[in-house]
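Novice: Based on what follows, work out the 3D shape:
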Amino acid sequence: MPREASGRMIKEKGSLVVVGTGIRTVGQLTGDTIARLKTSTKVFYIIADLVGEQVIKQIQPAAESLGRFYRLGRNRREAYDAMVERIMSAVRDGHRTCCAAYGHPGVFAFPTHEAIRRARAEGFEATMYPAVSAEDCLFADLGVDPANPGCNSHEATRFVLYKKAVDPSSGLILWQVGMFGDATYRPEGNRGQWIHVLVDRLLQHYPEDHQVTLYEAAVFINCPPRIERIALGKLADAELTPATTLYVPPARGDVLDEETCAALGIERAALAR
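Specialist: Residues are numbered from 1 along each chain as shown. Purely as a prediction, here's the structure:
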């Protein structure tokens, strides 16, 4: 901590950087993330697996887990608010603060976004660094290109509650199907207790025999991802976990706007397939 000419200690202004560990921490931890973990004076983490936690601890032994704020049956939002307040307390105390989150720190991560927002609102420097997310792994493992024929991505419960539009000509990614309809913290998910509600919603747009994929990215080296293809009508009988993502492929092809295509002078053969 620097001193004034009089010798009095000057309190440094805190800052916040949010980083991601990737889905498979060993191998997906970036140089930027490692550097931030090493040089920060206070490190917090929200990690989904013990290996990832051990890696964080090896880099920064004094790192503090925010997982302690979860309580079985407690509303997840309450836990998130407590996490944000703990992060902000370190920033306000003048620490170069780093929060490491599982996967991409800005994907399905309310505490990290809220901490960034609040830090900036209070006049502190706050930055987020990107990392590999479960969706990135899905694109690679399933051979899906979101650009063609398009892709929509939603948290499963919000998808139903907010009556999100469905486009059967594009891919659909639904996150957290293993916790569908549940706002509380349950490490094992709710085992699809209300998944039939989601199935009923999807059956309004897709046939029962439409093949969907249950996907879980590989967390450890040499362990394969879960890629299980089943008929949509059988989804209620499937084994679901908090890590399960549902990919619904297109049920029909795109319809080309011939008039606009001609007006733009685009040849059909030049369009990406």
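Novice: right, and residue 210 touches residue 247 too?
Specialist: No: look at residue 210 against residue 247 with Cβ atoms under 8 Å: they stay out of range, at 11.6 Å. For every residue, glycine as well, the C-beta is placed using N, CA and C.
Novice: start to end distance for stretch 161-181?
Specialist: The first and last residues of stretch 161-181 sit 9 Å apart, counting by Cα to Cα, to the nearest Å.
Novice: roughly how far is that stretch from the heart of the chain?
Specialist: Shown here is stretch 161-181, whose average C-alpha point lies 15 Å from the average C-alpha point of the whole chain (Cα atoms, centre = their mean, to the nearest Å).
Novice: Residue 210 and residue 247: who's more crowded?
Specialist: Neighbours around residue 210 and residue 247, counted as other Cβ atoms under 10 Å, are more numerous at residue 247. The numbers are 22 against 17.
Novice: Neighbours of residue 242, how many?
Specialist: Using other Cβ under 10 Å, residue 242 has 17 other residues around it.
Novice: Same check on residue 169?
Specialist: By the criterion of other Cβ under 10 Å, residue 169 has 12 neighbours.
Novice: any idea how far it is from residue 14?
Specialist: Separation of residue 169 from residue 14 (Cβ to Cβ, to the nearest Å) stands at 48 Å.
Novice: the helices in the stretch 1-150 of the chain, which residues?
Specialist: Taking DSSP state H, counting those that start in this stretch to define them, one finds helices in the stretch 1-150 of the chain at 25-28, 31-39, 50-59, 76-92, 110-121, 134-142.
Novice: what helices or strands is the shortest one leaning on?
Specialist: With contacts defined as 3 or more Cβ pairs under 8 Å, 6 or more residues apart in numbering; DSSP states H and E, the secondary structure elements packing on helix 25-28 are helix 50-59.
Novice: what comes up buried for the helix it packs on?
Specialist: Under the neighbour-count criterion of 16 or more other Cβ atoms under 10 Å, helix 50-59 has 52, 53, 55, 56, 59 buried.
Novice: The last one - nearest residue in space that isn't next to it in sequence?
Specialist: Nearest-residue entry for residue 59: residue 37, 4.6 Å, with adjacent residues in sequence omitted and distances by Cβ to Cβ, 6 or more residues apart in numbering.
Novice: Tell me how far the one you found lies from residue 17.
Specialist: Taking Cβ to Cβ, one finds residue 37 at 10 Å from residue 17.
Novice: Residue 122 now?
Specialist: Computed as Cβ to Cβ, the residue 122 to residue 17 distance reads 16 Å.
Novice: So these two - more neighbours on which side?
Specialist: Counted by other Cβ under 10 Å, residue 122 and residue 17 do not tie: residue 17 has more neighbours, with 25 against 12.
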